[in-house]
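Novice: I would like the atomic coordinates for the input below:
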Amino acid sequence: MKFTHVLALAATAGLMLTGCDNGGGSRESIRAVGSSTLYPFAKQVAESFSRTNPDMRSPLIESTGSGGGIALFCQGVGADTPDIVNASRRMKVSEFETCRSNGVTEITEIQVGLDGIAFASTQGGIMMELTPEIVYRALAANPYGEEQTNETWADIDPSLPDAPILVYGPPSTSGTRDALKELVLTPGCEANPEMAALKESDEDAFERTCTEVRSDGAYVDQGEQDNLIVQKIQGNRNAVGVFGYSYLEENEGRVQGLPMNGVEPTYDNIASFQYPGARPLYLYVKQAHLQAIPGLQKFLEQWMAMWERGGPLAKIGLVALPAGTMETMTQRITQHPALTAADLESDSELEAERAEAGAAAGEAAK
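Specialist: Residues are numbered from 1 along each chain as shown. You can find the predicted model right below:
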């Protein structure tokens with residue numbers, strides 16, 4: 001079905017989907033932007049979609065980072081805006097409100113799997129047992145409000161290697177960077193009782209102190225190219241890289257994961273949430289585009305057909321959702337419930353997912 005024909009139907013229904021692509025014509029291909037972590041998974045789904053639907057245009061998948069992708073997604077409704085944003089962290093309430101103010105009022109949130117923030121070095125390179133506190137003290141601009149003076153890992157703890165702190169990681173626009181702050185840096189910061197008190201008295205100061213990353217060269221932003229981080233650590237035995245678990249699995253034999261709290265970054269440890277860096281991965285979909293963009297619903301169903309444990313996406317590093325969560329997400333793909341600000345403010349869904357994953361891991365261990 002031609003997009004221009006669907007436009008007429010959409011307009012009748014009150015959907016103002018107007019706009020052009022870069023070539024100046026109406027868009028007939030699906031467009032997804034966002035996370036570099038989800039990029040290889042989305043590309044795989046797009047390739048399978050194209051093979052299954054040869055009469056349709058190939059989906060356009062862009063790696064912009066989660067934050068940059070959400071900004072593009074929330075610019076409005078129409079053919080010149082993305083249909084989907086892939087995100088390696090949850091949409092923020094402030095971003096949701098920006099969407100609403102720009103007319104993107106009906107959004108469906110879909111978890112497609114799990115991932116882990118892996119800390120890694122080249123095979124045979126630096127190896128150490130990390131904790132959130134060690135990582136925080138190594139990377140914070142002002143650890144616990146003090147001047148950053150740690151130049152080597154041994155400066156943090158004498159049991160660690162006497163090697164310069166050099167970490168290659170994601171930029172501020174990346175969902176991986178946001179997850180690094182939320183899942184590792186903040187817990188490491190909160191290990192200090194004074195920081196817990198600061199959170200109560202001055203939340204902005206707490207946020208700066210706990211999440212601002214040093215800029216003196218010990219942490220090197222490598223942009224939205226996780227493969228470049230892999231290349232960088234392969235070229236320096238003392239360098240540490242931060243990226244999604246899928247890149248660790250993809251480069252098995254070339255890089256090695258560093259344990260966090262004594263837990264290795266493995267598929268099973270992420271699936272059970274035992275690994276501290278485990279996180280959900282999301283798609284956000286504009287409901288207004290579902291009928292107007294040819295194949296968009298089928299594309300979502302293609303994700304559903306590939307995300308199971310042992311499936312095509314698992315083979316390239318996606319960790320499957322717990323069974324109950326997967327069932328809920330399957331319903332969202334078919335029923336398209338609208339996301340609300342209250343949903344984003346609640347952690348109940350993730351807490352239930354963690355509990356389910358933990359229970360499943362316990363049963364498997366019996």
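
Novice: what pLDDT, on average, does stretch 117-131 get?
Specialist: On average, the pLDDT along stretch 117-131 is 96.

Novice: contacts for that stretch?
Specialist: The contact list for stretch 117-131 (Cβ atoms under 8 Å, 6 or more residues apart in numbering) reads 135, 153, 160-161, 163, 176, 179-180, 183-184, 188, 230, 233-245, 247-248, 253-262, 265, 277, 279. Placement of C-beta: from N, CA and C, glycine included.

Novice: buried residues in that stretch?
Specialist: Going by neighbour count (16 or more other Cβ atoms under 10 Å), the buried part of stretch 117-131 is Ile117, Ala118, Phe119, Ala120, Ser121, Thr122, Gly125, Ile126, Met128, Leu130, Thr131.

Novice: now, among the residues you listed, which is nearest to Thr98?
Specialist: Ile117 (25.8 Å; Cβ to Cβ).

Novice: so the closest one is in which element?
Specialist: Ile117 is part of strand 107-122, with elements assigned from DSSP states H and E.

Novice: can you name the element that comes right after that strand?
Specialist: helix 132-139.

Novice: who does the helix or strand following that next one touch, helix- and strand-wise?
Specialist: As assigned by DSSP H and E, the chain's next helix or strand after helix 132-139 is helix 153-156. Applying 3 or more Cβ pairs under 8 Å, 6 or more residues apart in numbering; DSSP states H and E, one finds that helix 153-156 makes contact with helix 132-139.

Novice: next, the angle from the helix it packs on to strand 107-122.
Specialist: For helix 132-139 against strand 107-122, the angle by axes from the mean of the first three to the mean of the last three Cα atoms, to 10 degrees is 80 degrees.

Novice: low-confidence ranges, the stretch 1-150 of the chain, go.
Specialist: Counting by pLDDT under 70, the ranges of the stretch 1-150 of the chain that qualify are 1-26.

Novice: if we go to 50?
Specialist: Residues of the stretch 1-150 of the chain meeting the criterion pLDDT under 50: 1-16, 18-25.

Novice: hey, where'd the helices end up in it?
Specialist: Assigned by DSSP state H, counting those that start in this stretch, the stretch 1-150 of the chain shows helices spanning 3-12, 39-52, 66-73, 93-101, 132-139.

Novice: residues of the longest one that come out buried?
Specialist: Along helix 39-52, these residues count as buried under the neighbour rule (16+ other Cβ under 10 Å): Tyr39, Pro40, Phe41, Ala42, Gln44, Val45, Ala46, Ser48, Phe49.

Novice: coming back round to it: dump the buried residues of stretch 117-131 into TSV; add distance to Ala218 as well.
Specialist: As requested, these are arranged in TSV below (distance: Cβ to Cβ, whole Å):
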residue	distance to Ala218
Ile117	18
Ala118	19
Phe119	14
Ala120	17
Ser121	15
Thr122	18
Gly125	17
Ile126	14
Met128	15
Leu130	15
Thr131	18
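
Novice: roughly how far apart are Asn53 and Pro59?
Specialist: 10 Å (Cβ to Cβ, to the nearest Å).

Novice: tell me which of the two has more neighbours.
Specialist: Between Asn53 and Pro59, counted using other Cβ atoms under 10 Å, Pro59 has the larger neighbour count: 24 against 16.

Novice: residue closest to the middle of the chain?
Specialist: Ser88 (1.1 Å; Cα atoms, centre = their mean).

Novice: right, and it touches Gly116 too?
Specialist: No. Assessed by Cβ atoms under 8 Å, Ser88 is found out of contact with Gly116, at 10.7 Å.

Novice: now do the shared contacts for those two.
Specialist: Shared contacts of Ser88 and Gly116 (Cβ under 8 Å, 6+ apart): Gly244, Arg279.

Novice: show me where the stretch 201-350 of the chain has helices.
Specialist: 203-211, 226-234, 245-250, 267-271, 296-306, 323-335, 341-345, 348-365.

Novice: what sits in contact with each of Asn53 and Pro59?
Specialist: Gly295.
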